[in-house]
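Peer 1: Make a model of this:
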Amino acid sequence: MLASGIAASESDHAMASPFYTAEHDAFRAVMRRFVEKEIEPHAHEWDEAGEFPRTLYRKAAEIGLLGLGFPEEFGGIPADQFMKIVASQELARAGAGGISASLMSHTIGSPPIARAARPEIKARVLPQVLAGEKISALAITEPSGGSDVANLRTKARRDGDHYVVSGEKTFITSGMRADYLTVAVRTGGEGAGGVSLLLIEGDTPGLSRTKLKKMGWWASDTATLHFDECRVLAENLIGEEGQGFKIIMQNFNSERMGMAAGCTAFARVCLDEAIAYAKERNTFGKPLAQHQVIRHKIVDMAQKVAASQAMLEMLAWRLEQGESPVAEICMMKNQATQTMAFCASEAVQIFGGAGFMRGIKAERIYREVKVNAIGGGTEEIMKDLASRQMGL
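Peer 2: Numbering: from 1, shown residues only. Alright, predicted model coming up:
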């Protein structure tokens, strides 16, 4: 009885929230049909194969998913914070973070283009990306460091009407297939003031790519990029020279909110899958869900998911009011990744031996916990940034 009550309350969450309108609910229905038809039946197969078809980008574009939040003149669709939460959380229902990560890599690769690239670059690149015809990726992290953006080493020296780029980027989502790479480079001296952003096309001579194998997110294409004297037109500079660090920082609130929304939803997937299994699996003559220890595990999971969702939606509302609660967003990311970690672990435990077998969502999500706790700013860096924002 308890388990079914929790399941109902989780499924009805969005309807009970005051933050969602009929428009949000309509888009949720579209997203749910898309995920159920185009992703969920293939998620395990694609994860095992280590990739998913490029045709999925076009299908996602057709329902408006890729254009959310981008300018209408380039094929984008107006979207508030809650529409973005709907998109992230419905994608998560497939329990396949690698598919979500690569399918939506343009949400970190293309905002700098939309925000600061030259008009002719925007007009050429964005419509193709938002139509699902081309893939966009962001390349910041280097073998020498990730979160320490101000000290990146990839160099771009000016040579007439070109920049000549040399260096490496690693752990790049969509790195193998990206047609457009938004790349952080050093055009000046040391520190943040020497960092710029360049749009580098995937077929640029001197660019090579190495595929990486990972603990989780198997269906996501992840790569190390090698730039060997790549000549890039100076008009591909995004923003002003030396302003790259500021543009990169503008990405972070959105990226972390998106990750927090997804992680909270992955936690809910684990909860729902654990509830379903606990009601079906019989041990010692009764369903698993009738054992008190299992019921308590489920309640603990549900409690953490509900708290994370409430914090997420309140922060989304504050962003809609024009606030920039950086400290709380950092804490939100940690809250969500820790909730995901807890629920994935408990779900696998409830499944027992079956939870250790590939094929169920909880097992796949369990392998994806750490990438979320590291990507977009590690938990440790989130705490440090939050504490500094709090004046400590």
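Peer 1: For the chain, list the residue farthest from the centre, please.
Peer 2: residue 285 (42.7 Å; C-alpha atoms, centre = their mean).
Peer 1: Now do the phi/psi pair for that one.
Peer 2: Dihedral pair for residue 285: phi 80, psi 10, per degrees, to the nearest 10.
Peer 1: Tell me how far it lies from residue 294.
Peer 2: 14 Å (C-beta to C-beta, to the nearest Å). Every C-beta, even on glycine, is put in place using the N, C-alpha and C of the backbone.
Peer 1: pLDDT of the lengthiest helix in the chain, averaged?
Peer 2: Secondary structure of the chain per DSSP state H: the longest helix is helix 244-280. The average pLDDT within helix 244-280 is 95.
Peer 1: Ok, stretch 286-305 next?
Peer 2: 96.
Peer 1: Check which residues of that stretch are buried.
Peer 2: 288, 289, 290, 294, 295, 297, 298, 301, 302, 304, 305 (16 or more other C-beta atoms under 10 Å).
Peer 1: Distance from the chain centre to it, please.
Peer 2: In terms of C-alpha atoms, centre = their mean, to the nearest Å, the centre of stretch 286-305 is set 29 Å apart from its chain centre.
Peer 1: Which residues does that stretch contact?
Peer 2: 2-3, 6, 9-10, 264, 267-268, 270-271, 274-275, 277-284, 339, 342-343, 346-347, 349-350 (C-beta atoms under 8 Å, 6 or more residues apart in numbering).
Peer 1: Pull out the buried residues from the residues you listed.
Peer 2: Using 16+ other C-beta under 10 Å, the buried members of the contacts of stretch 286-305 are 3, 6, 10, 264, 267-268, 270-271, 274-275, 277-278, 339, 342-343, 346-347, 350.
Peer 1: I figured residue 83 was touching residue 24, is that so?
Peer 2: Yes: Residue 83 is in contact with residue 24 according to C-beta atoms under 8 Å; the separation is 6.1 Å.
Peer 1: how far does stretch 30-38 stretch from start to finish?
Peer 2: One end of stretch 30-38 to the other measures 12 Å (C-alpha to C-alpha, to the nearest Å).
Peer 1: So for it, mean pLDDT?
Peer 2: pLDDT averaged over stretch 30-38 gives 98.
Peer 1: Tell me the buried residues in it?
Peer 2: For stretch 30-38, by 16+ other C-beta under 10 Å, it's 31, 34, 35, 38.
Peer 1: Identify the farthest-apart pair in these.
Peer 2: 31 and 38 (10.5 Å; C-beta to C-beta).
Peer 1: ok, residue 377 - contacts?
Peer 2: Shown in contact with residue 377 (C-beta under 8 Å, 6+ apart): 147, 252, 256, 330, 333, 385.
Peer 1: can you count the residues close to the last one?
Peer 2: Applying the criterion other C-beta atoms under 10 Å, we find 18 residues in the vicinity of residue 385.
Peer 1: try the fifth one
Peer 2: Using other C-beta under 10 Å as the criterion, residue 333 is surrounded by 29 other residues.
Peer 1: Spatially, and excluding backbone neighbours, which residue is closest to it.
Peer 2: What sits nearest to residue 333 in space, not counting adjacent residues and going by C-beta to C-beta, 6 or more residues apart in numbering, is residue 256, at 4.5 Å.
Peer 1: That neighbour and residue 378 touch, don't they?
Peer 2: No: using C-beta under 8 Å, residue 256 and residue 378 do not qualify as a contacting pair, with a distance of 11.6 Å.
Peer 1: And the strands in the stretch 251-392 of the chain?
Peer 2: Secondary structure of the stretch 251-392 of the chain (DSSP state E, counting those that start in this stretch): strands at 282-283, 286-287.
Peer 1: Adding distance to residue 315 as columns, could you present those in CSV?
Peer 2: Converted to CSV, those look like this (distance: least, C-beta to C-beta, whole Å):
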stretch, distance to residue 315
strand 282-283, 41
strand 286-287, 38
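Peer 1: closest to residue 237 out of those?
Peer 2: strand 286-287 (62.2 Å).
Peer 1: Good, we can wrap up now.
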